[in-house]
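Chemist: Curious how this folds, go ahead:
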Amino acid sequence: MRRCISAVLIICLLSASLPAPASAMSTQAEIQWGKQLNDQVDSQSVLVTDPFLTSWVNGMGVKLAAHRARTEIAYHFEIIDSNEINSFALPGGFIHLDMGLLNFASSDDQVAGVMGHEMGHVERGHVTSLQNKGNLLSILIGVLSILSPIGYLLGGTAGNLAYLKFSRLDELQADQYGLLLMSEAGYDPRSDVDTFVQLAKVEGDSGDTDKYFIDHPAPQDRVAHLLGYPELSQATASTITAAALHDTVEGRYTYAAARFDEALAKDPNDSLARTEQSSLRVATSELPPNDGGAPRGVSAAAFETDASAPASAASQLVSADNVAKDDQTAAESRAKSGGQDIETFVNRLETLSNAAPNLGEPKKKGNNLSIAVDGLNKLTRDINGTIDLTSDVMGTGPGLIADDRDSMKAMMDPFRDGPLTPKYQALLPWYPSMTNGLRQSADDIVDAINRADAAIPGQEDLNSQGQLQAITLASNFFAALNRLDTTGGDISAKDMTGVQAAMNAALAEWDHRALLAAQASNEMYAAQSRSLSTQVTLNDLESSPDRYAAYQRALAFRFPGVQIPDYQGALASGVTPGELGAAAWYAYETKQPVSKILAVERNTGATVVDMARHDGLFAESLEVAEGLLLEDYIEKPSDLKSS
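Modeler: Model (predicted):
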């Protein structure tokens, strides 16, 4: 739905203002053209400026760009706050990634493969070969991506757009270039295959997606092509070992272990692979008590001295699961009705399509026409953001409560299996905080769905004429502009009075709705961060100094420059390993030492999620960070036999 709304406004705003590219284009002209396109995209998109996410993406971009063929191109990378699994390239090296893509990926390497693909479209000249206006506009709508939108949550009218994309050959060439580029930059090329295997599963789950892939090779076909390129088809034990060593440095421990297995399958005498595989055991396997004489990280004294602790923990879990069960029922019901409200609203919003103004080019920045154009862009961002974020909350929220309950079940199962294993004896002191976090997560997701529902105009927002006030105000703004001739490049002071009043009324309404949608999204991703923190903790990452040292290295890689506590410091902190990961993220975001953040937690009882929400930080950034830490301990190469 987001793209079909923005397409109307983008077409109207650009049709008279952007020059068509020349048939033969110099690099300088390409960059200039690309910057014009990029400025237009940015003006109508909600951009993410979060420190962790932008640094993460730009860091990967720098590594990839160091191996580019077109050294005269300086690449720029931006993140759009959209839940679509999407990315696209503009001429001159302007690359955009959607938040949905960053949340979809399991590792740096998967994101790097996508970025390399988009750079391939620039490097191979695909973006400058699309010279007719229709293709130009399709770039701006954001359909020129490795991961075209794979279906909208509620169906909507996106399928009515005539998507124009790169040719299948262009896509396969960009796949090949991206694989080469990521390999030369040191990333594991096998991860590029995983991206398409995962995409194929999502495509299959979504059902009605063929219309979005008319001109793209199917994900399964792209997997077959990737496996045929030298980086994968001619991989030797030594090259696989090198990739696995890279994975280890990134903290991708289970993935690296599987890659070392692949290397040893090719050459059982690969001593480096065997040595490294053995060293990973401490990071990837649950250790028996006092393995190798090492003490367990979290003392089991509480379990040993308080016989009621297991029963109390189990009782708290049962109570929390009952609350979460009720929350899930409420969330599913409200999300269903909220989804229908969004669909109804989008259908009504279609009435604006024919009324969208076709404005002239402002003579200078800051004049009345420029102010009106900026207002129209702001209205576009508000409408897009409201629909996109509320759709995400309605579609994602109930499933996240199901995840909370799955974590509760994983915590409860050890009590049903007889005496607690040493792992769960050690984890028992963390049970109260983990249980409370999961219960809070479920409650907050219901609140987020309610807030998202309030952001979408419904029956309660009808005016005296039976029209939705939000649509009426936007329509009034459009009408005020359509009454004017703006081909001269400005709006007179007399005419601007009416335009300004209509614009202010429309923006006041939609700014409020966009704020509610953003708050709902932030609350949902904060809730998911609590859940992911518990899942990280359940990996028992403090069971020995060596096991914690592996986690410490993973944290140091994920949050460069942050001083991660040593083993004794981690034990003394009083927080779970998952919460320690959140504290490292918060330290990176706010440029504070971890020790200060942990002291605040001890003194106030607040969690990082509580502090981040209080400070207005971008909660989806924390959710992505915690998700990457969890993937370090669960991700494995995709099973190609079943894909």
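
Chemist: Just give me the neighbour total for residue 28.
Modeler: Look at residue 28: counted by other C-beta atoms under 10 Å, it has 10 neighbours. (Glycine included, C-beta is placed from N, CA and C.)

Chemist: Residue 497 now?
Modeler: Neighbour number of residue 497 under other C-beta under 10 Å is 12.

Chemist: Please state the offset of the host helix or strand of it from the chain centre?
Modeler: Assigned by DSSP states H and E, residue 497 belongs to helix 493-537. With C-alpha atoms, centre = their mean, to the nearest Å as the basis, helix 493-537 stands 18 Å off its chain's centre.

Chemist: What is it packed up against?
Modeler: helix 368-416, helix 431-455, helix 469-482, helix 577-590, helix 608-615, helix 619-631 (3 or more C-beta pairs under 8 Å, 6 or more residues apart in numbering; DSSP states H and E).

Chemist: I'd like the average pLDDT over it.
Modeler: When pLDDT is averaged along helix 493-537, the result is 97.

Chemist: and if you look at stretch 407-415?
Modeler: 95.

Chemist: now residue 183: how far from residue 558?
Modeler: 22 Å (C-beta to C-beta, to the nearest Å).

Chemist: oh sorry, the question was meant for residue 527
Modeler: Distance of residue 527 to residue 558, given as C-beta to C-beta: 21 Å.

Chemist: These two: who's more crowded?
Modeler: Of the pair residue 527 and residue 558, residue 527 is the one with more neighbours under other C-beta under 10 Å, namely 28 against 23.

Chemist: list the contacts for that one?
Modeler: Contacts of residue 527 were listed using C-beta atoms under 8 Å, 6 or more residues apart in numbering, and they are 400, 440-442, 444-445, 448.

Chemist: between those, which has the most around it?
Modeler: Busiest of those [other C-beta under 10 Å] is residue 445, holding 33 neighbours.

Chemist: Now do the same contact list for that one.
Modeler: Residue 445 sits in contact with 327, 331, 397-398, 400-401, 523-524, 527-528, where contact means C-beta under 8 Å, 6+ apart.

Chemist: Residue 173: which of these is nearest?
Modeler: residue 528 (37.1 Å; C-beta to C-beta).

Chemist: what's the spacing between that closest one and residue 534?
Modeler: In terms of C-beta to C-beta, residue 528 sits 11 Å off from residue 534.

Chemist: Which of the three states applies to residue 187?
Modeler: Using DSSP: H, G, I helix; E, B strand; the rest coil as the criterion, the local structure at residue 187 reads coil.

Chemist: so it makes contact with residue 109?
Modeler: Yes. Residue 187 is within contact range of residue 109, at 4.4 Å (criterion: C-beta atoms under 8 Å).

Chemist: shaky segments in the stretch 51-200 of the chain?
Modeler: 130-166 (pLDDT under 70).

Chemist: got the residue ranges for the helices in it?
Modeler: 51-65, 99-104, 108-123, 126-129, 133-141, 168-184, 190-206 (DSSP state H, counting those that start in this stretch).

Chemist: helices and strands around the fourth one, which ones?
Modeler: The one in question is helix 126-129. So helix 126-129, by 3+ C-beta pairs under 8 Å, 6+ apart, packs with helix 168-184.

Chemist: okay, residue 231: pLDDT?
Modeler: 90.

Chemist: Quick check: next helix or strand after whatever helix or strand it lives in?
Modeler: Assigned by DSSP H and E, residue 231 belongs to helix 230-233. Remark: after helix 230-233, the chain's next helix or strand is helix 237-250, criterion DSSP H and E.

Chemist: contacting residues around residue 217?
Modeler: 168, 171-172, 225.

Chemist: element containing it, please.
Modeler: Using DSSP H and E, no helix or strand contains residue 217.

Chemist: Please apply the same query to the one 4 residues further on.
Modeler: Assigned by DSSP H and E, residue 221 falls within helix 219-228.

Chemist: what's that helix in contact with?
Modeler: Here helix 219-228 has contacts from 171-172, 175-176, 179, 189, 192-193, 196-197, 199-200, 203, 217, 232-233, 640, 643, using C-beta under 8 Å, 6+ apart.

Chemist: Closest to the centroid, which residue in this protein?
Modeler: With distances taken as C-alpha atoms, centre = their mean, residue 103 lies nearest the centre of the chain, 2.9 Å away.

Chemist: hang on, it packs against residue 625?
Modeler: No. Residue 103 is beyond contact range of residue 625, at 11.2 Å (criterion: C-beta under 8 Å).

Chemist: wait, doesn't residue 592 sit right on residue 586?
Modeler: Yes. Residue 592 is in contact with residue 586 according to C-beta under 8 Å; the separation is 7.4 Å.

Chemist: The two - which one has more neighbours?
Modeler: Neighbour count, other C-beta under 10 Å: between residue 592 and residue 586, residue 586 has more, with 28 against 14.

Chemist: how many other residues sit next to the nearest residue to the more buried one once chain neighbours are set aside?
Modeler: Excluding the flanking residues, the one nearest residue 586 by C-beta to C-beta, 6 or more residues apart in numbering is residue 608, at 4.9 Å. Number of residues near residue 608 (other C-beta under 10 Å) recorded here: 30.

Chemist: start the count at 3, not 1, going forward
Modeler: Sounds good: first residue 3 from here, last item residue 610.

Chemist: show me what contacts residue 610?
Modeler: Counted by C-beta under 8 Å, 6+ apart, residue 610 has contacts 581, 584-585, 587-588, 599, 603, 624.

Chemist: quick one, domains of the protein?
Modeler: Listed by automatic domain parsing, the domain ranges of the chain are 4-16+30-236, 311-542.

Chemist: Nearest to residue 276, out of these?
Modeler: The nearest among the domains of the chain, by C-beta to C-beta, is domain 4-16+30-236 at 19.0 Å.

Chemist: Next, the contact list for the closest residue to residue 67 other than its chain neighbours, please.
Modeler: Once flanking residues are discounted, residue 67 sits nearest to residue 77: 4.9 Å by C-beta to C-beta, 6+ apart. By C-beta under 8 Å, 6+ apart, the residues touching residue 77 are 63, 66-67, 70, 95-97, 121, 124.

Chemist: Reformat these into CSV and put neighbour count and distance to residue 427 next to each item.
Modeler: Below are these laid out as CSV (neighbours: other C-beta atoms under 10 Å; distance: C-beta to C-beta, whole Å):
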residue, neighbour count, distance to residue 427
63, 22, 45
66, 25, 46
67, 22, 50
70, 21, 53
95, 27, 55
96, 25, 54
97, 23, 49
121, 28, 50
124, 25, 55
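
Chemist: how about a markdown table for those, with distance to residue 318 added?
Modeler: Shown next, in a markdown table, are those (distance: C-beta to C-beta, whole Å):
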| residue | distance to residue 318 |
| --- | --- |
| 63 | 46 |
| 66 | 48 |
| 67 | 51 |
| 70 | 55 |
| 95 | 54 |
| 96 | 51 |
| 97 | 47 |
| 121 | 51 |
| 124 | 55 |
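
Chemist: Out of these, the closest to residue 257 would be?
Modeler: Among those, and counting by C-beta to C-beta, the member closest to residue 257 is residue 66, at 19.9 Å.

Chemist: Now do the same contact list for the closest one.
Modeler: Residue 66 neighbours (C-beta under 8 Å, 6+ apart): 77, 114, 117-118, 121, 183-184, 187.

Chemist: do you know how far it is from residue 365?
Modeler: With C-beta to C-beta as the criterion, residue 66 and residue 365 are 40 Å apart.

Chemist: cool, and residue 220?
Modeler: Going from residue 220 to residue 365 by C-beta to C-beta gives 49 Å.

Chemist: Those two - which one has more neighbours?
Modeler: For residue 220 and residue 365, the more surrounded residue by other C-beta under 10 Å is residue 220, and the numbers stand at 15 against 11.

Chemist: For burial, what's the neighbour tally of the residue nearest to that one when sequence neighbours are not counted?
Modeler: The spatial neighbour of residue 220 that comes closest, neighbours along the chain excluded (C-beta to C-beta, 6+ apart), is residue 202 at 7.5 Å. Using other C-beta under 10 Å, residue 202 is surrounded by 18 other residues.
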